[in-house]
Each structure stands twice: as C-alpha cells, then as structure tokens.
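Undergrad: got a structure for you, letters missing:
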C-alpha cells in the first residue's frame, strides 16, 4: 500500500443516469475517450403497460445491457473476505470496485455503489451513490467500517435466497472491479440506423395518422416502443387518471418514464453533435433545432404532470395530452429524416451511392419534412396547426392553451397559419436535401413580427374584451406553458 489517498477519474455527466447498472459502467468507461463505442447505444426507450421504462437494444426483446468488453475489463471480488483491503488494492491498480450494499445513504436501501477513491488517514471510501431525481447520482463517502458493515449485511441477505443470489451474480454482484480501457473503433452507423428504423416503425395508428409495422408478423402487446410511447401518455395515462385522480401518486414510474424519454432525446442531441464534429456524418445540422424543440415539448409535458401530481387539476392533464401529441408528430418527422440520413451514410460506406442527397422538385415535396407539414395543413385539429406554426417559426408564438374552441376556430377561419405554410411549400427551394429543413426553419421572414402581434391582439380582445397593453403583448408573445 503506497498511497495514503487516491482518487480516480469518473464521468458523471455524459452517461445516461436513469439506469443504474449501465450508469456505473459508463461512468468508468467514458472516463477515457470511448465515445465512438458509446454513440450508437441507448437510443431506444421502451415502456411497459405499467410505465416501467428501459433502454433497449434494436431488434431485441432484452433490456439494453451492452457488451462492455471493448471498453472495460471486469473481475470478481471475493465476497467472503474483508472488502476494504480489496477496495484499496483495486484502486491502486486503477480499478473501480462496484459493490452491492445495504445502506440508508442511497435512495434505495439495497443498491450498487461505485467506489472511485479512498483516504487512508480519514479511513473513508469515495463513492458514487444513487439519490433519485433530479440529479440521480452524487458523490458521497463511507467510512471503512461503514462500507465493510453495509457490504456484509447485503451479502448475508443474498445468501438467504439462492435464486436472488444467482440473479445478482449474473449482473456482476455482490462485487466486481471495473478497469477502463480505450477503444478506437469507428461509430457503428448501421446500429444507429437500425435503432432509428425500429423507433419509427412501432406498429399502431396514433396522432401521426400512419399505421406502421416493423415486421408484419410482429406486434408487441406489453412493450411500447419508438413513437408508440407517446400514445401511452396522451391516451392510456389520460384514461387511467380519469378513472383514478391519484394514479400518478400511486405509480411513481409514470414521472420516471417521461424523464427517461426526455433524457434519451437530450442524449441523442449530444450524440449527433459528436458525430457531426467528428465528421462521421454529414448534413445533419438541421436536425438539432428540431430535437431541441422536441425536448422543449417533453420538458413541458413533465412539468404539467408534476403540476397535476400536486394540484389535481384536470386542465394540466388536458394540456399534457396536447403536448404529447405534438411531441409524437415532431418525433416522427425527426426520425424520418434521421433514417434517411443514416441510411445514406451507410450506403455511402458500401459505395452504393455517391450523390445521395440530390432530388428533383417532386422528391422534395414528397420528402418526410414536407409530408409532415402537409399533414399538419390537412389536419382538423387546430391546436396541432398552431403548434406547427410555432415549430416552424422557431420563435415565440401564440400562447394557445388558454383559448376556447371558438378561438381556435377563428385561427382556422382566418387560415393565417395555413397560408404561411402554403407559401413555404410553394416557394422555390434548392433541391438539395441537407438544407431543406433548415430552409423551413428559417422562414421567419414570411410573417413579420407585426402580423404576429396583430393576431395575438385579436385573440386577446376576443377573450378579454379589451386591447392588451404593450407590456401584456410582450408577455403573450414570450409566454411558455
């Protein structure tokens, strides 16, 4: 024992945080540059009927527990002898002990802790522990005596149940040591393509208006995946809350599942930026603002659910339905574009095409983003049309949630939103696909700020029988959910 204290590097911010088994391994694996290995994993979130949610591997019925052999070496710890000397020895060899212990420091009494350092003089171990939302994980310390006791308590508990012991043994518990190692493989773009294809073709007819099947002979009854997950919230959850206003209080997995969907989309943004910066993929810049908008919807859906949790007002659930339907349509458009882009990149690697992104005017009008916008023009649901306006303009727009149906009808009758979109569709565009979405998103010049203000003024006067002050008008333009 040469060191009095030692602390190893960990990556607390980049990995997914909502799945403990993976988080601890990723905190170690991503402490070195293993992002090429990581970038194609953890794209798809699946949700069970009871709102339990997990990341899944593409084309698989199993939870996402990838093979870490390329980025980690793992060895067992002897659970029958004192753990503290083994912790110190492992860390001296640049290893990270991962222990399953019983402790009240963690949000869950029986849970894994990742040990990343020690201090001999203070007789303590430095650990990552699970604390739940909103941060999920934080650094903590255990005295040597405490961690020895907590570990032995858990081992004794596991020994009482042979089946449980075998199950946890298969997960690497009660204790293992993780050794990080670098991996220089290229990102697997085909694996990402498979995940996107799986997420897009989920197998039901929802707000998107299209029934799709990943495999005509398969339909997953108990597991909901891809764009199908949104219907779980705006349909299934809505019905459950109508039957029992305390349903969310009685099932904490609802909030957790929304948070996990939001987490997955945030991480996809990070991964796309990484692929773009590393020049692994081209022509993907326009996807990022769309994903940011999707995250905005999901953040607001989460806020609305939390408000309902506290206040039990039905209006929050109604607003939540609107937001999730909008998120579904937005996500579908994004996934269609991503599938097209990644498919092209994979074909390019196989030398199947050289000019993959050139298309004529008809192809442009039939492209995913155009079909998405055309669908919004045709839809009879005016709130989605107003949301599309907000999405395309990429700026603060009309605050629609407080409006009555008659006011939504007024938007439809004036057809301002539809006219704006029609103008966009009939304008002359470059036939180059990489820029088409960016062109749509940058068309703010079609409607001047004054016209937006006039529409908001008109709606305000209908509702309150008076004209808004300048300050109120600014607030209406900037208002969020």
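TA: Good, I have the coordinates. Since we're looking at a predicted model, the values are computed, not measured. Residues are numbered from 1 along each chain as shown.
Undergrad: Walk me through the domains of this structure.
TA: According to automatic domain parsing, the chain comprises the domains 5-31+72-180, 185-356, 380-481.
Undergrad: average model confidence for the last one?
TA: Spelled out, it's domain 380-481. Averaging pLDDT along domain 380-481 yields 46.
Undergrad: ditto for the first one
TA: Averaging pLDDT along domain 5-31+72-180 gives 90.
Undergrad: How about stretch 238-258?
TA: Stretch 238-258 comes out at a mean pLDDT of 93.
Undergrad: and that stretch, which residues are buried?
TA: By 16 or more other CB atoms under 10 Å, the buried positions in stretch 238-258 come out as 238, 240, 241, 247, 248, 251, 254, 255, 256, 257, 258. C-betas here are computed from N, CA, C, even on glycine.
Undergrad: quick check, nearest of the residues you listed to residue 9?
TA: Among these, residue 256 lies closest to residue 9 (CB to CB), at 28.9 Å.
Undergrad: Without its sequence neighbours, what residue ends up closest to the closest one?
TA: Nearest residue to residue 256 in three dimensions, chain neighbours excluded: residue 53, at 6.6 Å (CB to CB, 6 or more residues apart in numbering).
Undergrad: just to revisit the earlier point, show me which of the buried residues of stretch 238-258 is closest to residue 78.
TA: The closest of those to residue 78 turns out to be residue 256 (CB to CB; 35.0 Å).
Undergrad: if I've got this straight, that closest one is in a strand?
TA: No: counting by DSSP: H, G, I helix; E, B strand; the rest coil, residue 256 falls outside a strand, being helix.
Undergrad: From residue 349, how far off is it?
TA: 38 Å (CB to CB, to the nearest Å).
Undergrad: so residue 267 makes contact with residue 42?
TA: Yes: Residue 267 lies in contact with residue 42 (CB atoms under 8 Å); the separation is 6.6 Å.
Undergrad: what's the helix or strand for the closest residue to residue 269 other than its chain neighbours?
TA: Spatial nearest neighbour of residue 269, chain neighbours left out: residue 291 (4.9 Å); criterion: CB to CB, 6+ apart. Assessed by DSSP states H and E, residue 291 sits inside helix 287-311.
Undergrad: Residue 169 now?
TA: Per DSSP H and E: residue 169 is located in helix 162-170.
Undergrad: which helices and strands does that helix pack with?
TA: helix 144-159 (3 or more CB pairs under 8 Å, 6 or more residues apart in numbering; DSSP states H and E).
Undergrad: buried ones in the helix it packs on?
TA: 144, 146, 147, 148, 149, 150, 151, 152, 154, 155, 158.
Undergrad: Report the two of the residues you listed separated the most.
TA: It's 144 and 158 that sit farthest apart of the buried residues of helix 144-159, by CB to CB, at 21.6 Å.
Undergrad: neighbouring contacts of the helix holding residue 291?
TA: Applying CB atoms under 8 Å, 6 or more residues apart in numbering, the external contacts of helix 287-311 come out as 233, 241, 248-249, 254-255, 258-259, 261-262, 265-266, 268-269, 272-273, 313, 316-317, 319-320, 323-324, 326-327, 330-331, 333-334, 337-338, 341, 391, 394, 437, 441, 480-481.
Undergrad: avg pLDDT for the longest helix belonging to the chain?
TA: Using DSSP state H, we find that the single longest helix of the chain is helix 314-349. For helix 314-349, the mean pLDDT works out to 90.
Undergrad: Could you figure out how far that helix is turned away from helix 287-311?
TA: Between helix 314-349 and helix 287-311, the angle comes out at 150 degrees (axes from the mean of the first three to the mean of the last three CA atoms, to 10 degrees).
Undergrad: how many neighbours does residue 179 have?
TA: Neighbourhood size, residue 179 [other CB atoms under 10 Å]: 15.
Undergrad: does it really touch residue 94, like I thought?
TA: Yes: between residue 179 and residue 94 there is a contact at 6.5 Å, judged by CB under 8 Å.
Undergrad: returning to that earlier point: out of the buried residues of stretch 238-258, which one sits closest to residue 188?
TA: Residue 188 has its nearest neighbour among those in residue 257, at 27.0 Å by CB to CB.
Undergrad: In space, what's closest to that closest one - neighbours in sequence excluded?
TA: Spatial nearest neighbour of residue 257, excluding adjacent residues (CB to CB, 6+ apart): residue 53 at 3.9 Å.
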